[in-house]
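In: Any chance you can model this:
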Amino acid sequence: MQRRDFFKSFAKPFKEKDELVVRPPYFLDEDDFKNGCIDCVDKACATICEEKIIIIQPDGTPKLDFTKSGCSYCDECANACIKDVLKIENRKNIQVEFSIDRLKCMSWNNTMCFSCKDPCLDNAIDFTAMFRPIIDISKCTSCGYCVGVCPTDAIKLEVRS
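Out: Residues are numbered from 1 along each chain as shown. Next up, the predicted model:
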């Protein structure tokens, strides 16, 4: 058993309240998913995703799942979308804001942990000395790489309006 798995065994199972739906970063309007994705047969956006974070919901629309990886903004899902719901010209950061739950975070509770900082390519997670990480939202691209590696599920997601 790896150390990260050991610490995760103490965490409560993650439950999303009201089923948070995070969309891929290439859409213009939320209604496009309801109109275009429902009758899409091949669901190419999900199959082409190298990070395997696009999952198809029961209603046929895609959503992002950051539990295993994050979005590299590679453009492949937009290139594969035959219904023009996802388009390269609509590229933007994922419409989610990340924050750290201080009660769940090991570093905020005086245990050295840099699990969230290590995969952050944007250097958006700042530490005061070796403890107390804070996500700098001006640097964060909302890629989600920090979410799945946190051993206590301390990274919270909130959809931006």
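In: gap between I56 and V96?
Out: Distance of I56 to V96, computed by CB to CB, to the nearest Å: 19 Å. Every residue, glycine included, has its C-beta placed from N, CA and C.
In: for the residue lying farthest from the centre of the chain, what are its contacts?
Out: For the chain, the C-alpha farthest from the mean C-alpha position belongs to A129; by CA atoms, centre = their mean, that distance is 26.4 Å. Applying CB atoms under 8 Å, 6 or more residues apart in numbering to A129 gives no contacts.
In: Domain parsing of the protein, as residue ranges.
Out: Here the domain parsing of the chain from automatic domain parsing is 3-10+95-159, 31-90.
In: what would those look like in JSON lines with mean pLDDT and distance to V21?
Out: Listed next are the domains of the chain as JSON lines, based on pLDDT from 0 to 100; distance: least, CB to CB, whole Å:
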{"stretch": "domain 3-10+95-159", "mean pLDDT": "91", "distance to V21": "8"}
{"stretch": "domain 31-90", "mean pLDDT": "94", "distance to V21": "5"}
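In: any chance of those domains in CSV, with distance to R23 too?
Out: Formatted as CSV, those follow (distance: least, CB to CB, whole Å):
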stretch, distance to R23
domain 3-10+95-159, 7
domain 31-90, 6
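In: gap between N35 and V22?
Out: 19 Å.
In: And the helices in this structure?
Out: Residue ranges of the helices in the chain, as given by DSSP state H, are 3-8, 31-32, 44-48, 76-80, 145-149.
In: which residues are contacting the shortest one?
Out: Looking back up the chat, that one is helix 31-32. V85.
In: coming back round to it: compare I56 and V96 (neighbour count), which wins?
Out: Per other CB atoms under 10 Å, whichever of I56 and V96 has more neighbours is V96, with 21 against 15.
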